[in-house]
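1. Build the 3D model from these lines:
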Amino acid sequence: MSRKRTVYSAEFKSKLVLEVLKNEKTLQEIASANNITPKNLQNWKKIFLDNAEIAMEPSKAVKDYKEDLLAAQEQNEMLTKIVGKMTVEKEWLEKKLKSLDSSDRKQLIEPKFT
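-> Predicted structure coming up:
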């Protein structure tokens, strides 16, 4: 029987990480009091500290996000055009193949030996 994975809210994680950063209790004490593993708490602390600059400079994070979004949209448009072109080509080739008589089709698939 598999164990269901527990999902913690961002608010809960932040609260615990701030508690760890206060250094009033050890990481072990906080983890056991909240029934989580110390490794989870360490991971959350690392993520929290790695992303702290976003809190200090949110406009930069928003700008980076918008730039990434625009790049992804441009790439999506390019790929959509390519898929559309390939679809049109495929449909044209299917129609062309159907319009050929059987002898012409046979010549297309049989190798020519000289």
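2. all contacts plus neighbour counts: C-alpha atoms, from now on.
-> Will do.
3. where does the residue nearest the centre of the chain land in three-state SS?
-> Nearest residue to the geometric centre of the chain (C-alpha atoms, centre = their mean): A72, 11.7 Å. On the three-state scheme (DSSP: H, G, I helix; E, B strand; the rest coil), A72 is labelled helix.
4. C-terminal to the helix or strand containing L79, what's the next element?
-> Using DSSP states H and E, L79 sits within helix 58-99. Per DSSP H and E, the first helix or strand lying C-terminal to helix 58-99 is helix 102-109.
5. Not counting that next one itself, show me its contacts.
-> The set of residues external to helix 102-109 that reach it, using C-alpha atoms under 8 Å, 6 or more residues apart in numbering, is L97.
6. pLDDT (mean, whole number) over that helix?
-> The average pLDDT for helix 102-109 rounds to 72.
7. now the angle from that helix to helix 58-99?
-> 130 degrees (axes from the mean of the first three to the mean of the last three C-alpha atoms, to 10 degrees).
8. now helix 102-109, how far from the chain's geometric center?
-> With C-alpha atoms, centre = their mean, to the nearest Å as the basis, helix 102-109 stands 46 Å off its chain's centre.
9. go on, stretch 81-91?
-> Counting by C-alpha atoms, centre = their mean, stretch 81-91 comes out at 26 Å from the chain centroid.
10. Can I get that stretch in PDB? Just the C-alpha atoms.
-> Presented in PDB, the C-alpha positions along stretch 81-91 are these (Å, rounded to 0.1, in the frame of the first residue of the first chain):
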ATOM      1  CA  LYS A  81       3.600  28.100 -38.500                       C
ATOM      2  CA  ILE A  82       5.900  25.100 -39.100                       C
ATOM      3  CA  VAL A  83       3.100  22.600 -38.100                       C
ATOM      4  CA  GLY A  84       0.600  24.400 -40.400                       C
ATOM      5  CA  LYS A  85       3.000  24.400 -43.300                       C
ATOM      6  CA  MET A  86       3.800  20.700 -42.800                       C
ATOM      7  CA  THR A  87       0.000  19.900 -42.500                       C
ATOM      8  CA  VAL A  88      -0.700  21.700 -45.800                       C
ATOM      9  CA  GLU A  89       2.200  19.800 -47.500                       C
ATOM     10  CA  LYS A  90       1.000  16.500 -46.200                       C
ATOM     11  CA  GLU A  91      -2.500  17.100 -47.400                       C
END
